[in-house]
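>>> only geometry, no sequence info:
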């Protein structure tokens, strides 16, 4: 079973695509999700005004508390993924482009909001969404790839 059985590639290209798929699925994507959490923490540290710094720190910790609530809610559904090397993930081009546009718009919007009291809400959203998405991505049991394709 592999990432590329359904692509009908020559045997020469299959190992290259296997390596690229593994790097994308298990290093790049989780790295982005972890980067979102780190971005929230760095935003909380970068704020200079003491009142907004308190708001930013409180927002980051509130995001971590929200993640703990999410984690506790997911405990009944917890399964250790058995198919880490054989997920059947397909790329949605519309989702990738839409997510990129929204992501960059949020980053540009951060410039305007970083010096306001909304920084607490922003850091809360970044830390909670980043940690929750990373957990969901890594602990999701993917269906096995059908090797008959």
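Here it is on my side, so go on. Just so we're clear, the structure is a prediction, and the values are computed from it rather than from any experiment.
>>> state the distance from the residue nearest to residue 113 when sequence neighbours are not counted to residue 71.
Closest residue in space to residue 113, ignoring its immediate chain neighbours: residue 122 at 6.0 Å, by Cβ to Cβ, 6 or more residues apart in numbering. (Each C-beta comes from the backbone N, C-alpha and C, glycine too.) Per Cβ to Cβ, to the nearest Å, residue 122 is found 22 Å from residue 71.
>>> and the gap between the residue nearest the centre of the chain and residue 49?
Central residue of the chain (Cα atoms, centre = their mean): residue 33, 2.8 Å from the mean position. Here residue 33 is placed at a distance of 29 Å from residue 49 (Cβ to Cβ).
>>> where's residue 126, which helix or strand?
Counting by DSSP states H and E, the element that carries residue 126 is helix 119-138.
>>> list the buried residues for that helix?
Of all the residues in helix 119-138, those buried under the rule 16 or more other Cβ atoms under 10 Å are 119-134.
>>> quick revisit: what residues are up against the residue nearest to the centre of the chain?
130, 133-134, 137 (Cβ atoms under 8 Å, 6 or more residues apart in numbering).
>>> good, wrapping up.
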